[in-house]
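# based on what follows, work out the 3D shape:
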Amino acid sequence: MRDVLVVGAGWAGLTAAARLAAKGYAVTVVEKSRGPGGRSATRRAGRFEFDHGAQYLTASSDAFARQVKAWAAAGLLASWDAGIAVFGRPPDASSSGAGARRWVGTPSMNAVPRRLAEGLDCRWRWRAERLAWDGTGWAVTSGEGERLEARSLLLTAPPAQSLGLLGDDHPLAGSLSDVEMAPCWALMVGYERAPEIGFDAAFVNQGPLSWVARMDTRPGRQGAPSWIAHAGPAWSRTQLEAVPERVASLLLAALGELDVLFTRDVRLLKAHRWRYARGGVSSLSPPLLSRARERLVVAGDWCAGERIEGAWISGVAAARRLERLL
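Modelled structure (predicted):
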């Protein structure tokens with residue numbers, strides 16, 4: 001029987017898994033997607049590349065700043081010195097990362113999660129469907145009927161999904177159900193020729209959009225001219241179940257309101273829905289939920305302020321908690 005089973009191969013899950021494996025624990029990570037990174041994702045379509053999830057990371061704590069420098073020295077991150085505009089009401093520091101140095105993964109936003117996953121027992125396209133605690137350990141069953149057993153369990157899926165696995169009668173159900181996560185529609189636009197826009201990225205505080213950024217000029221990128229746009233949470237919620245083609249059309253029109261050049265020479269247009277994109281709590285200390293008697297820990301970016309740094313902080317705390325439980 002393995003020591004730890006981790007559900008979710010995003011920043012929190014892989015941070016915890018890598019730290020535990022480095023200390024000799026037998027760890028298995030299961031992930032429903034085809035690779036690591038969670039919302040730190042890169043989509044490739046022909047000549048185009050899009051970081052359509054997390055856009056960059058910043059470091060506010062000394063511990064994470066040291067880790068970021070180590071990743072940068074290893075070639076996994078690069079500083080992104082973009083010219084960033086603001087449309088509408090200026091964002092506050094908490095929403096914009098104002099004054100903070102911005103970093104992007106190289107050659108893609110999931111570069112660090114990919115490195116963390118190296119050497120780990122990771123099962124891709126493995127969707128956890130059922131959990132069972134028998135008093136001595138956990139059994140997790142996939143949608144295909146495969147069963148994995150472990151002495152302890154770490155859940156790093158979005159709160160609603162972790163709640164779905166644990167069930168409404170679990171002691172942690174109340175805490176999980178209280179966490180609200182907002183959706184985000186992402187628009188990917190590829191161009192025949194790069195539109196001559198006077199900025200590299202922008203915070204948008206008017207209309208449907210909240211953020212736009214050019215992709216092909218970011219460090220380490222080699223794709224054709226391309227831009228990403230994120231819709232705000234309120235608009236994304238109203239369009240949550242809309243078909244992607246309609247969302248893409250509406251968001252392209254919103255881009256055109258910023259600059260009509262965004263609507264010309266378009267060669268690729270796709271929309272992607274992130275159902276659980278932002279939100280969470282910032283007051284959990286340590287940044288996780290746990291049940292000692294079940295050797296169960298629940299962690300994720302939502303436990304520590306929703307950003308990549310929060311996911312890493314939660315993952316570090318989860319590894320420490322699991323060490324004490326094993």
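# can you list the weak-confidence ranges in the chain?
Across the chain, residues meeting the criterion (pLDDT under 70) sit at 90-99, 282-283.
# measure the residue of it most remote from its centre to Arg151 for me?
Taking C-alpha atoms, centre = their mean, the residue of the chain most remote from its mean C-alpha position is Gly135, at 32.6 Å. Counting by C-beta to C-beta, to the nearest Å, the separation of Gly135 from Arg151 is 12 Å. No exception for glycine: its C-beta is placed from N, CA and C like everyone else's.
# which ones are touching the spatially closest residue to Ala18 that is not a sequence neighbour?
Spatial nearest neighbour of Ala18, chain neighbours left out: Leu116 (4.6 Å); criterion: C-beta to C-beta, 6 or more residues apart in numbering. Each residue near Leu116 by C-beta atoms under 8 Å, 6 or more residues apart in numbering is listed here: 14-15, 17-18, 36.
# one more: Ala117?
Counted by C-beta under 8 Å, 6+ apart, Ala117 has contacts 9, 14, 18, 29, 36.
# okay, the residues you listed in a markdown table with secondary structure, distance to Ser142 and neighbour count next?
Below are these laid out as a markdown table (DSSP: H, G, I helix; E, B strand; the rest coil; distance: C-beta to C-beta, whole Å; neighbours: other C-beta atoms under 10 Å):
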| residue | secondary structure | distance to Ser142 | neighbour count |
| --- | --- | --- | --- |
| Ala9 | coil | 14 | 29 |
| Leu14 | helix | 19 | 30 |
| Ala18 | helix | 23 | 20 |
| Val29 | strand | 13 | 27 |
| Pro36 | coil | 18 | 26 |
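# ok, of the residues you listed, which one's closest to Ala157?
Proximity of the contacts of Ala117 to Ala157 (C-beta to C-beta) peaks at Ala9, which lies at 10.3 Å.
# return the residues in contact with that closest one.
29-31, 33, 35-38, 113, 117, 122, 124.
# repeat that with 10 Å
17, 29-33, 35-38, 110, 113-114, 116-117, 120, 122-124, 126, 156 (C-beta atoms under 10 Å, 6 or more residues apart in numbering).
# ok, now Pro171?
Here Pro171 is in contact with 289, 291, 293-294, 296 (criterion: C-beta under 10 Å, 6+ apart).
# rerun that using 6 Å as the cut-off
Contacts for Pro171 (C-beta atoms under 6 Å, 6 or more residues apart in numbering) come out as none.
# that one in helix, strand or coil?
coil (DSSP: H, G, I helix; E, B strand; the rest coil).
# ok, which stretches of the stretch 201-326 of the chain are helices?
For the stretch 201-326 of the chain, the helices defined by DSSP state H, counting those that start in this stretch cover 233-238, 244-258, 308-325.
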